[in-house]
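just coords:
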């Protein structure tokens, strides 16, 4: 095999040794028998990509219950406004739990009207958005440029992350459209900024998508500064002017966003700690837990599977460690990208932007609520924080391709390391699936018990209704209002 020419300056960082010319060379010298297929296994790896979304869809079918849960009930006032020929827009614009959920509420309303508010239909919309996120991330990360032996495994990794069981809570909760829609809008905006730089159309469409993300979840605001980073990194000539135009639109969006906004001040968070002179150590811990929650949840579930019991403290410690690891990976990636710029601008640049977006999102979440730190483990946050790990797929694939080209001890060590990481991730995912299945079963049982009570004439007793909404009087009032909507019933659907 022809040895790759590596400059001495580049040897200081393994990632910096990866160039796409090496991919072409390696594909030419690969064995013809193995080069025709994905690592010699034919279509099996590509079929494996379908397994995670198929499992998620099966869980929605089996455990999805047509009962509004918690925040879902906030759609009822919009339905009431629609029924009385009033505009639901003012209600949808209001701030809610530190978010503006304008666009998600309008989408939920559009789905609820023709389905007589069957929340299962809204769950399938969320699943469709997850499929869209997968497709957009494929394009953003440019997985099509990976060599034929690496591409299917990168696709499997992406599928395992997008459809991770750590996000089980969002699968059967219609309100989590705010996360799915926000992430889809952010990734679509990054696709425009990275694939079609230096165009007003790309800038304006990306800005509109960022508005959609910002009015879906507070983390959507993080793409305004992250988008500026993307422009400065990827837009070449006149990038300063383009970035200033982007930030000008961000300023206008921020002013509009702040109009009538109410911050939830009754929870522990970074701002309250600063104002009252308290230590911000817990806030920093929350930040790292948020970023590392995907892997931290799996480690806690592995401990439980091994017989040590399911401990929130274990999950917090593990997630915190992985959050710090994400920072280290980000630093290495930035250094490697700088040393080989502009050779890897289009390959690693979008991943760097995704990590910047996640880090800023974690900061916004920390400002909103950071006490207790275990809040960072909530599965709803995984839909955003997983992007920091998605960003490492292409650099990891490049590193694998480079190590595959070297000989001797390095190659053997690389294979052993890759095998260990793969085994850990598979065990981690398996443990999360076990936990997710149990949680979904218990949640579905609670909702089915509440479903019977909600359809009863007196809407009693109270105990089955307690998990549905914090205020039972408000819940009963909304159920009675819904019953006036052409005989609305849960069991009849």
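Good, I have the coordinates. Keep in mind the model is a prediction, meaning the values are calculated, not measured.

As a check, name the ranges of all helices in the stretch 51-200 of the chain.
51-63, 76-83, 89-93, 102-115, 119-141, 151-162, 168-171, 177-195, 200-214 (DSSP state H, counting those that start in this stretch).

Mean neighbour count, those: which tops it?
helix 177-195 (a mean of 26; mean count of other C-beta atoms under 10 Å). In short, each C-beta sits where N, CA and C put it, glycine included.

Check which helices and strands that helix is in contact with.
Contact partners of helix 177-195 among helices and strands, from 3 or more C-beta pairs under 8 Å, 6 or more residues apart in numbering; DSSP states H and E: helix 102-115, helix 119-141, helix 200-214, helix 223-234, helix 345-368, helix 379-390.

Now do the helix or strand where residue 479 lies against helix 76-83, angle only.
Secondary structure from DSSP states H and E places residue 479 in helix 472-483. On the basis of axes from the mean of the first three to the mean of the last three C-alpha atoms, to 10 degrees, helix 472-483 is oriented at 30 degrees to helix 76-83.

roughly how far is helix 472-483 from the heart of the chain?
Counting by C-alpha atoms, centre = their mean, to the nearest Å, helix 472-483 is centred 33 Å from the centre of its parent chain.

Residues contacting that helix, please?
73, 76-77, 79-80, 117, 454, 459, 462, 465-466, 468-469, 488-489 (C-beta atoms under 8 Å, 6 or more residues apart in numbering).

ok, of these, which come out buried?
Using 16 or more other C-beta atoms under 10 Å as the burial test, the contacts of helix 472-483 include 73, 76-77, 79-80, 117, 454, 459, 465, 468-469, 488 as buried.

where's the dip in pLDDT among those residues?
Ranked by pLDDT, these bottom out at residue 488, which scores 65.

circling back to that earlier point, got the helices and strands packed on helix 177-195 as JSON lines, with mean pLDDT columns?
Formatted as JSON lines, those follow (pLDDT from 0 to 100):
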{"stretch": "helix 102-115", "mean pLDDT": "92"}
{"stretch": "helix 119-141", "mean pLDDT": "94"}
{"stretch": "helix 200-214", "mean pLDDT": "94"}
{"stretch": "helix 223-234", "mean pLDDT": "93"}
{"stretch": "helix 345-368", "mean pLDDT": "89"}
{"stretch": "helix 379-390", "mean pLDDT": "89"}
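
So for residue 425, which of those helices sits nearest?
Closest to residue 425 of those is helix 379-390 (C-beta to C-beta; 9.9 Å).

quick one: buried residues of that closest one?
Buried residues in helix 379-390 (16+ other C-beta under 10 Å): 379-390.

contact partners of that helix?
Contact with helix 379-390 is made by 137, 141, 158, 161-162, 164, 166-170, 176, 179-180, 182-183, 187, 217, 219, 290-295, 297, 326, 330, 351, 354-355, 357-359, 361-362, 365, as judged by C-beta under 8 Å, 6+ apart.

neighbours of residue 411, just the number please.
Counted with other C-beta atoms under 10 Å, the neighbours of residue 411 add up to 13.

could you check the distance from it over to residue 401?
12 Å (C-beta to C-beta, to the nearest Å).

Then residue 302?
As judged by C-beta to C-beta, residue 302 and residue 401 stand 30 Å apart.

Kindly state the pLDDT recorded for the nearest residue to residue 361 once chain neighbours are set aside?
Sequence neighbours aside, residue 219 is the residue nearest to residue 361 in space, at 3.9 Å (criterion: C-beta to C-beta, 6 or more residues apart in numbering). As predicted, residue 219 sits at a pLDDT of 91.

Please identify which helix or strand holds the nearest residue to residue 411 once chain neighbours are set aside.
Counting by C-beta to C-beta, 6+ apart, residue 411 lies nearest to residue 403, which is 6.5 Å off, once chain neighbours are set aside. Assigned by DSSP H and E, residue 403 belongs to helix 393-405.

Helix 345-368 and that helix, what's the angle between them?
Orientation note: helix 393-405 sits at an angle of 130 degrees relative to helix 345-368 (the same axes, to 10 degrees).

Can you tell me the centre-most residue of the protein?
Closest to where the C-alpha atoms of the chain average out (C-alpha atoms, centre = their mean) is residue 383, at 2.5 Å.

From residue 165, how far off is that one?
12 Å.

what sits against the closest residue to residue 82 other than its chain neighbours?
The shortest distance from residue 82 to any non-neighbouring residue, by C-beta to C-beta, 6+ apart, is to residue 88 (5.6 Å). Counting by C-beta under 8 Å, 6+ apart, residue 88 touches 77-79, 81-82, 105-106, 109.

Phi, psi for residue 88 please.
phi -80, psi 0 (degrees, to the nearest 10).

Domains in this structure, by residue range?
Split into domains by automatic domain parsing, the chain comes to 54-441, 451-493.

want to throw those domains into JSON lines with distance to residue 46?
Converted to JSON lines, the domains of the chain look like this (distance: least, C-beta to C-beta, whole Å):
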{"stretch": "domain 54-441", "distance to residue 46": "5"}
{"stretch": "domain 451-493", "distance to residue 46": "37"}
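
quick one: contacts for residue 363?
By C-beta under 8 Å, 6+ apart, the contact list for residue 363 reads 222, 287.

So it versus residue 130, what's the distance?
Residue 363 sits at a distance of 25 Å from residue 130 (criterion: C-beta to C-beta).

ok, so of the contacts of residue 88, who is nearest residue 238?
Closest approach between those and residue 238, by C-beta to C-beta: residue 106, at 36.2 Å.

For the residue nearest to that closest one when sequence neighbours are not counted, list the residues it contacts.
Nearest residue to residue 106, sequence neighbours excluded (C-beta to C-beta, 6+ apart): residue 92, at 5.8 Å. Residue 92 sits next to 78, 101-102, 105-106, 109 when contact means C-beta under 8 Å, 6+ apart.

didn't residue 427 look like it was pressed against residue 302?
Yes. Assessed by C-beta atoms under 8 Å, residue 427 is found in contact with residue 302 at 6.3 Å.

quick revisit: out of the helices of the stretch 51-200 of the chain, nearest to residue 306?
Proximity of those to residue 306 was assessed by C-beta to C-beta; the nearest stretch is helix 168-171, lying at 20.6 Å.

neighbouring contacts of the closest one?
Outside helix 168-171, the residues touching it (C-beta under 8 Å, 6+ apart) are 56, 59-60, 63-64, 123, 126-127, 176, 179-180, 378-380, 383, 432, 435-436, 439-440.

how far is that helix from where the chain is centred?
Using C-alpha atoms, centre = their mean, the offset of helix 168-171 from its chain centre is 12 Å.

if we can go back for a sec, which one among the buried residues of helix 379-390 gets closest to residue 282?
Closest to residue 282, out of all of the buried residues of helix 379-390 and judged by C-beta to C-beta, is residue 381, at 16.3 Å.

if I look at that closest one, how far off is residue 314?
Distance from residue 381 to residue 314, by C-beta to C-beta: 18 Å.
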